[in-house]
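> Turn this into a model:
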Amino acid sequence: MRGAVAGGNAQTVAAGMAALAQGGNAVDAVVAATLMACITEPLLTGLGGGGLAMVHMAGETEVLDFFGTMPGLCGKKHGPMAGIDVDFGPVRQRFLAGPASACVPGMPQGLWVLHQRHGVLPMAQLAQDAVRACSEGVPVTRATELSAGLLWEILQMTPLSESLFGRDDGHGGRRPVREGDTFYNPALGPTLARLAEEGPAFLATGDGAEAMVRTLGPDSALGMADLAAYRALWTEPLSANYRGVQVHMPGAPSQGGYQVQHALRALGRAERVAFSAQEILDVARAMDAAERAMPTERVALFGHGFGAKYMGSGYTTHTSVVDHEGNAVSITSSLGETSGWVVPETGVVTNNFLGEADVNPPGHPRPPGERLLTMCTPALMKRGEEIIAMGAGGSSRIRSAVLHGVLYAVDHHAPPSAVSAWPRLHMEGGQLRLETFERDPKILEAVGREWGAFISFPEYSMYFGGLHVAGKWAGGLSAGGDPRRSGSAASS
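Numbers count the residues shown, from 1 in each chain. Here you go, the predicted model:
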């Protein structure tokens, strides 16, 4: 089967393309790619995390929600979390980590449920390359180097985490992995193989679950009852008609879907000159209005007291797949910044979602068993027989990346490679953050005169996320991976 795949790593993409070459469909390809990403993008996704997927199969579009839930069904209370400051250059952000920061993961059941519903190849076949890569090792990319460097204080919280993500610095200490190193996680290979053969039960009620609860220990609220109760959910998508193109996004627990939908409705009312100062200002105002609308318009879905000030960073990845029959899957998954704890028996890296303010708003906790919030916004665009899958990592910047993806594809008629790479802007708390490379200085001056001060990003930065796009669009199959996060793409 022919198709197009885009993701955060060349081996991730190659695994998806291999599944298509073996006769798999878009779901087979995205499952193979996501399993591979657990080892090739080990700080961005994994079995200890969760996410959302937009799925278009046989003409039907739906959402698979496999994001994390609040632990505590067994009555345990979590202990204190450790505060870590991460420096993104123009901005700094604070996160909380440690065993108390881990919520109930949804990835194992999400991948299994997705494959059981739509896959055509055996899942064990789809997992083979990922299983082998765990012991043989994979090259560390620039994106992994940057992630490990930024998160090094968290990764040093336990000897196993430091051992996995660190190397001898030549002076008797450890330093984070770098591009050119090889990353291994030999304990994860048998876990992936077992998941593909048996399903997720051993990670929910069996020895894999017991190992996770034991590793996180008494400071974590996570117990066996939480893991046993978890269920991935199929839901209906949100939709927006933008200049004749149907854009589908997830609703709750995604915050991003509502904000993209709100911004598209505002931006669809007027024509704009491409890359003009007016276009930048229009997009900034639409994004600002969408962010400000969330606390008042979505109280019933997200709870009182939730608002724009709760926007974290999030170490997240995305994979987009479209096959030649027009089936498409857009999947966004995350580990947060990781808790710093790794389960030794399974190689599973645990999340720190309870330590992210946008996922678990301070002062407004979710009850045990309830979905946490997320900015994950996998999206699908459809016009007739044409379809594009897109999405991004980057937490609060996900909504900005996806919005720009739609605008560049529809308004600018850009190919996926350009959609992924062109400069973006982000609005948060009334502050404009603007990628200024490849922009006319006179246009930037005009924006400054009308808007006022903005934070400039003069080159590619992980801060703006990674938008990966695959499509059957404008007469052919094509894909684009975001250079901000070592993105890769292939089509056949």
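> Now do the helix or strand encompassing residue 279: everything it contacts.
Using DSSP states H and E, residue 279 falls within helix 277-297. The contact list for helix 277-297, computed with Cβ atoms under 8 Å, 6 or more residues apart in numbering, reads 255, 258-260, 262-263, 266-267, 270, 272-273, 302, 306-308, 399-400, 403-404, 407, 425-430, 432, 434, 443-444, 446-447, 450-451. Any C-beta I mention is one placed from the backbone N, CA and C, and that applies to glycine too.
> List the buried residues in that helix.
For helix 277-297, a neighbour-count test (16 or more other Cβ atoms under 10 Å) marks 277, 279-288, 290-295 as buried.
> need the helices for the stretch 101-250 of the chain, in chain order.
Assigned by DSSP state H, counting those that start in this stretch, the stretch 101-250 of the chain shows helices spanning 107-118, 123-136, 142-150, 152-155, 159-165, 188-198, 201-204, 207-216, 224-229.
> where's stretch 396-414 relative to the chain centroid, distance-wise?
Taking Cα atoms, centre = their mean, to the nearest Å, one finds the center of stretch 396-414 at 16 Å from the center of the full chain.
> And for stretch 175-184?
22 Å.
> Endpoint to endpoint, that stretch covers what distance?
Stretch 175-184 has an end-to-end distance of 16 Å (Cα to Cα, to the nearest Å).
> and if you look at stretch 12-29?
10 Å.
> Quick one: closest of the helices of the stretch 101-250 of the chain to residue 456.
helix 142-150 (19.5 Å; Cβ to Cβ).
> Please state the offset of that closest one from the chain centre?
Distance, stretch centre to chain centre, for helix 142-150: 16 Å (Cα atoms, centre = their mean).
> wait, doesn't residue 20 sit right on residue 29?
Yes - contact criterion Cβ atoms under 8 Å: residue 20 and residue 29 qualify, at 5.1 Å.
> Between those two, point out the one with more neighbours.
residue 29 (33 against 26; other Cβ atoms under 10 Å).
> tell me the contacts of the more buried one?
Applying Cβ under 8 Å, 6+ apart to residue 29 gives the contacts 3, 5, 16-17, 19-20, 321, 323, 329.
> Please name the residues that touch residue 56.
Contacts of residue 56 (Cβ under 8 Å, 6+ apart): 248, 326-329, 380, 382, 387, 389.
> who wins for neighbours among the residues you listed?
Compared across the contacts of residue 56, residue 389 has the highest neighbour count, 34 neighbours, by other Cβ under 10 Å.
> Could you check how far that one is from residue 177?
According to Cβ to Cβ, to the nearest Å, residue 389 stands 30 Å off from residue 177.
> do the same with residue 355
23 Å.
> now residue 321: how far from residue 277?
From residue 321 to residue 277 the distance is 37 Å (Cβ to Cβ).
> same check, this time on residue 389
Distance check for residue 389 against residue 277: by Cβ to Cβ, it reads 31 Å.
> What of residue 411?
In terms of Cβ to Cβ, residue 411 sits 16 Å off from residue 277.
> picking that back up, residue 355 and residue 177 - which one has more neighbours?
The neighbour count for residue 355 versus residue 177, taken as other Cβ under 10 Å, is higher for residue 355 (27 against 24).
> Excluding chain neighbours, what is closest to the more buried one?
Spatial nearest neighbour of residue 355, chain neighbours left out: residue 96 (3.0 Å); criterion: Cβ to Cβ, 6 or more residues apart in numbering.
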